[in-house]
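> predicted structure and sequence below. I'll ask about it afterward.
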Amino acid sequence: DGGITQSPKYLFRKEGQNVTLSCEQNLNHDAMYWYRQDPGQGLRLIYYSQIVNDFQKGDIAEGYSVSREKKESFPLTVTSAQKNPTAFYLCASSTPGATSTDTQYFGPGTRLTVL
Amino acid sequence: QKEVEQDPGPLSVPEGAIVSLNCTYSNSALQYFMWYRQYSRKGPELLMYTYSSGNKEDGRFTAQVDKSSKYISLFIRDSQPSDSATYLCAMTGANSKLTFGKGITLSVRP
């Protein structure tokens, strides 16, 4: 089955700890994205990558870091510098320039709770 | 003015009702329009995609775009309890970045 997987589904972290969220896709998509979703605020873009070994900051990148060493994988690290990390994190992928015009497909999400 | 505004919710309707969900946008460079459906604690799934003014129908769902008024809508006919979810409008232009509305939570009562 083609799709996007995120792990873990639920994650608990103590204040001051870094944590890494996994995102893997087997859709052969070039572009990958990380969003944060908070109640009443919709989806906000954290980082995105349109090609391997390249990524750009989104609207709320402070306190987060990413890497894109493989086309299939785009892990997100939530660092201790992120002041309000408790949220639902969504990974997405798309193929820029395709006739579907950058339609993004989402993974199931990771709910991060800071204790 | 926010780039994308979505009607606030929540919205509760009886089963069988016609539902109208709406978004407006301010940037005329936004050309491609999507509706996503998100069930509780799940990732959004693409429901409808369109890029031209007019209507696009898929089963009980119709997406409508009016570029001159910068207004998009999603209509759900014969609504079912299984349609209960959060609906997000999204749009993009040449830069490939999606801009989302805040979402509206729909509840369809049996």
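It's in.
> use CA for all of it now, contacts and neighbours both
Fine.
> OK, contacts around B:V4?
Counting by Cα atoms under 8 Å, 6 or more residues apart in numbering or on different chains, B:V4 touches B:C23, B:T24, B:Y25, B:S26, B:T99, B:F100, B:G101.
> write down the beta-bridge partners of the second one, one by one.
Read that as B:T24. Beta bridges link B:T24 to B:E5, B:Y71, judged by DSSP bridges.
> excluding its backbone neighbours, what's nearest the residue in chain A that chain B sits nearest to?
Here chain A gets closest to chain B at one residue, A:G42, 3.8 Å apart by Cα to the nearest Cα. In space, and not counting its chain neighbours, A:G42 is closest to B:K102: 3.8 Å by Cα to Cα, 6 or more residues apart in numbering or on different chains.
> let's have the contacts of B:V4 in JSON lines, adding neighbour count and pLDDT.
Converted to JSON lines, those look like this (neighbours: other Cα atoms under 10 Å in any protein chain shown; pLDDT from 0 to 100):
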{"residue": "B:C23", "neighbour count": "22", "pLDDT": "95"}
{"residue": "B:T24", "neighbour count": "21", "pLDDT": "95"}
{"residue": "B:Y25", "neighbour count": "21", "pLDDT": "94"}
{"residue": "B:S26", "neighbour count": "14", "pLDDT": "92"}
{"residue": "B:T99", "neighbour count": "20", "pLDDT": "88"}
{"residue": "B:F100", "neighbour count": "25", "pLDDT": "91"}
{"residue": "B:G101", "neighbour count": "26", "pLDDT": "93"}
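> columns distance to B:V108 on top of the residues you listed, output as CSV?
Listed next are the contacts of B:V4 as CSV, based on distance: Cα to Cα, whole Å:
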residue, distance to B:V108
B:C23, 20
B:T24, 24
B:Y25, 27
B:S26, 30
B:T99, 27
B:F100, 23
B:G101, 21
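> what is the nearest of these to A:T110?
Within these, proximity to A:T110 (Cα to Cα) peaks at B:F100, which comes in at 19.2 Å.
> look up phi and psi at the closest one.
phi -100, psi 150 (degrees, to the nearest 10).
> wait, isn't it in contact with A:Q37?
No - between B:F100 and A:Q37 there is no contact under Cα atoms under 8 Å: 10.9 Å.
> ok, back up a step: tally of neighbours for the residue of chain A closest to chain B?
By the criterion of other Cα atoms under 10 Å in any protein chain shown, A:G42 has 17 neighbours.
> is it bridged to anything, and to what?
Beta-bridge partners of A:G42, as defined by DSSP bridges: A:D38.
> show me the contacts for it.
By Cα under 8 Å, 6+ apart, the contact set of A:G42 is B:L88, B:F100, B:G101, B:K102, B:G103.
> ok, now which ones touch B:G16?
Counting by Cα under 8 Å, 6+ apart, B:G16 makes contact with B:R77, B:D78, B:S79, B:Q80.
> just give me the residue closest to the centre of chain A.
Closest residue to the average C-alpha location of chain A: A:W34 at 2.7 Å, with Cα atoms, centre = their mean.
> closest to chain A out of the contacts of A:G42?
The closest of the contacts of A:G42 to chain A turns out to be B:K102 (Cα to the nearest Cα; 3.8 Å).
> need the three-state assignment for that closest one.
Here B:K102 is recorded as coil under DSSP: H, G, I helix; E, B strand; the rest coil.
> pretty sure it is touching B:Q6, no?
Yes - judged on Cα under 8 Å, B:K102 makes contact with B:Q6 at a distance of 6.3 Å.
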